[in-house]
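**Student:** need a 3D model of the following:
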Amino acid sequence: MSKLLVKPSGTEGKVHDITPETANWGYVGFGLYHLEPGASAKELMVGREAILVIVEGKASITSDGQDFGTLGERKNVFERIKPWCVYVPAGAEWSATAVTKLTLAVCTAPATDGSYPARVIGPDDIPSVERGIGANTRYIHPIAMEEQDFAESLLVTEVYTPQGNWSSYPPHRHDEDHFPDITYLEETYYHRLNPEQGFGFQRVYTDDGELDETMAVSSGDVVLVPKGYHPCGAPYGYEMYYLNVMAGPKRKWRFQNHPDHDWIAQRDAQPAGAIDI
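**Tutor:** I've put the predicted structure just below:
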């Protein structure tokens with residue numbers, strides 16, 4: 001099995017615990033909890049900030065000594081309604097107690113203690129974006145991208161890709177620190193499929209071929225993207241969801257499309273009825 005494909009370690013408790021040390025990189029961390037009602041989790045964020053994403057269910061959450069009460073709305077991630085999230089500053093402790101069956105993602109990256117205050121990131125803070133056309137259409141909830149001044153390092157977003165469609169496509173990369181042309185951002189993809197028994201595909205590859213891996217992903221898997229292009233495909237019959245976490249030396253998302261496939265982006269960006277001469 002590819003080292004870039006991380007399977008959940010179980011069905012209850014903390015089933016993903018990806019750190020810079022386990023991923024062999026410098027910035028992104030990703031954890032995932034499955035909690036039954038009444039069960040709790042807590043972590044102290046030493047030198048790292050976090051965004052807690054309530055993927056499914058409801059939870060009572062505290063962060064940095066503040067009690068944010070019971071948060072969460074969607075029972076199933078494929079309801080496609082915007083999530084409730086909480087920002088946890090570096091140096092603070094958070095805790096979550098499941099009110100219902102709960103899936104909680106913990107997205108982390110390096111930060112300075114107290115650089116941003118603890119806060120709720122609610123549905124009213126999160127846009128709904130439709131991107132692409134045709135079989136490249138996908139639906140996005142930018143939870144904390146660079147336009148939203150919620151965090152020091154973290155970039156977090158979730159994406160819904162309809163059955164038969166492509167996503168993170170045309171293939172693009174963000175693996176060089178040459179702002180404003182391109183930025184270096186590590187990335188994780190937490191995948192879900194609907195129906196649950198489905199599968200999807202993700203390829204991670206570089207121009208020189210030093211890295212070229214194509215993975216069949218199951219619901220609950222995480223794919224690591226240390227560098228290179230990383231498109232996804234959702235087979236006919238199965239809708240794909242993924243939660244992205246990105247971080248690097250700059251909180252800026254600048255990417256470059258693969259030169260062989262950039263013509264697709266250029267074509268699709270033309271106004272309706274335009275003729276390219």
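**Student:** only C-alpha atoms for contact and neighbour calcs from this point on.
**Tutor:** Will do.
**Student:** list the contacts of Val129.
**Tutor:** Neighbour list for Val129: 139-142 [criterion: C-alpha atoms under 8 Å, 6 or more residues apart in numbering].
**Student:** ok, so of those, who is nearest Gln163?
**Tutor:** Tyr139 (12.2 Å; C-alpha to C-alpha).
**Student:** note down every partner strand of the host helix or strand of the closest one and its orientation.
**Tutor:** Following DSSP states H and E, one finds Tyr139 within strand 138-144. Sheet pairing here is set by DSSP bridges, and for strand 138-144 it gives strand 129-131 (antiparallel), strand 155-161 (antiparallel).
**Student:** tell me which of those strands sits nearest to Thr103.
**Tutor:** In terms of C-alpha to C-alpha, the element of these nearest to Thr103 is strand 155-161, at 14.4 Å.
**Student:** now the next helix or strand after that closest one: mean pLDDT?
**Tutor:** Remark: after strand 155-161, the chain's next helix or strand is strand 166-167, criterion DSSP H and E. Average pLDDT, strand 166-167: 98.
**Student:** closest one to Pro195 among the strands paired with strand 138-144?
**Tutor:** Ranking the strands paired with strand 138-144 by proximity to Pro195 (C-alpha to C-alpha) places strand 155-161 first, at 13.1 Å.
**Student:** mind checking how far the closest one is from the chain centre?
**Tutor:** Centre-to-centre, strand 155-161 and its host chain are 5 Å apart (C-alpha atoms, centre = their mean, to the nearest Å).
**Student:** circling back to that earlier point, closest to Glu12 among the contacts of Val129?
**Tutor:** Using C-alpha to C-alpha, the contacts of Val129 come closest to Glu12 at His141, 26.5 Å.
**Student:** how deep is that closest one tucked in, by neighbour count?
**Tutor:** By the measure other C-alpha atoms under 10 Å, the count of residues near His141 is 22.
**Student:** show me what contacts it?
**Tutor:** 82, 126-129, 157-159.
**Student:** where is the longest helix in this protein?
**Tutor:** Ranked by residue count and defined by DSSP state H, the top helix of the chain is helix 262-268.
**Student:** which parts of that helix are buried?
**Tutor:** Neighbour counts over helix 262-268 (16 or more other C-alpha atoms under 10 Å) mark no residue as buried.
**Student:** just to revisit the earlier point, which of the contacts of Val129 are buried?
**Tutor:** Among those, those buried by neighbour count (16+ other C-alpha under 10 Å) are 139-142.
**Student:** and the closest residue to Phe179 other than its chain neighbours, what does it touch?
**Tutor:** Excluding the flanking residues, the one nearest Phe179 by C-alpha to C-alpha, 6 or more residues apart in numbering is Arg254, at 7.3 Å. Contact analysis of Arg254 by C-alpha under 8 Å, 6+ apart lists 174, 179-183.
**Student:** what of Asn244?
**Tutor:** Residues in contact with Asn244 (C-alpha under 8 Å, 6+ apart) are 155-159, 187-190.
**Student:** still on that earlier bit, dump the contacts of Arg254 into a markdown table; add distance to Ala265, neighbour count and secondary structure as well.
**Tutor:** What follows is the contacts of Arg254, written out as a markdown table (distance: C-alpha to C-alpha, whole Å; neighbours: other C-alpha atoms under 10 Å; DSSP: H, G, I helix; E, B strand; the rest coil):
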| residue | distance to Ala265 | neighbour count | secondary structure |
| --- | --- | --- | --- |
| His174 | 16 | 25 | coil |
| Phe179 | 21 | 13 | coil |
| Pro180 | 19 | 10 | coil |
| Asp181 | 17 | 12 | coil |
| Ile182 | 17 | 17 | strand |
| Thr183 | 19 | 23 | strand |
